[in-house]
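>>> Got a predicted structure plus its sequence, pasted below:
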Amino acid sequence: MPTFLECQRCAACCRWPGWVRVSPEEIARIAAFLGLGEREFIARHTRLRPDRQGLALLEKPNGECEFLDGRDCRIQPVKPQQCRDFPNVWRFPGFEQFCRAVPRELPPEEWRRRIREATGRDLAPPTETQSEAAGSEAGPSASSTGPAGLDFPTRSRRNDV
């Protein structure tokens, strides 16, 4: 049976070093949620990604996401896909040391329903081989095979996935 990682809202993922990429659609959604124009949102809350391939959310000086307020996300209803996908669709090596998600073995249809609810994606459950590969990754340039055979880099929690 596939394992679903049930988020406990510990916010460890929001404190992990790296960057959260945002698409034009996500920028529009977050800006509207905050009552800002898109240009104002971009100027106040984003920066050019290190790979120069788009924009990323700004971080606080301590490295955590600027939208983290204690253990709450100020943009939770419209948070970027990258954030919604962690830790079930992508993860980094050793994430278990920080993330407090509770593993739950579920029948495939229940796993699929929970993934859809958590991420907005309709994915097939991972196979046993994919689950084993995702759990055994090591090193900064490793990649993790997620549900439906999707391949995701796992360099950091906010890597370009």
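Perfect, thanks for sending it.

>>> Let me see the ranges of the strands in this protein.
Ranges of strands in the chain, per DSSP state E, are 3-6, 21-22, 46-48, 55-57, 68-69, 72-73, 102-105, 143-145, 151-153.

>>> Among these, which comes closest to residue 92?
strand 143-145 (7.8 Å; CB to CB). Backbone N, C-alpha and C define where each C-beta goes, glycine included.

>>> Average pLDDT for the closest one, rounded please.
Mean pLDDT, computed over strand 143-145, is 38.

>>> Start at 9, not 1
All set: I'll call the first residue 9, so the last point we hit is now strand 151-153.

>>> Flag the shaky bits of the chain, pLDDT-wise.
Residues of the chain meeting the criterion pLDDT under 70: 136-169.

>>> Spatially central residue in it, please.
residue 91 (2.9 Å; CA atoms, centre = their mean).

>>> these two touch, right, that residue and residue 21?
Yes - counting by CB atoms under 8 Å, residue 91 touches residue 21, with 7.4 Å between them.

>>> looking at the strands of the chain, which is closest to residue 124?
strand 11-14 (11.2 Å).

>>> Just give the strands next to that closest one in its sheet, each with its orientation.
strand 110-113 (antiparallel) (DSSP bridges).

>>> who's in contact with the partner strand?
9, 10, 11, 12, 13, 14, 16 (CB atoms under 8 Å, 6 or more residues apart in numbering).
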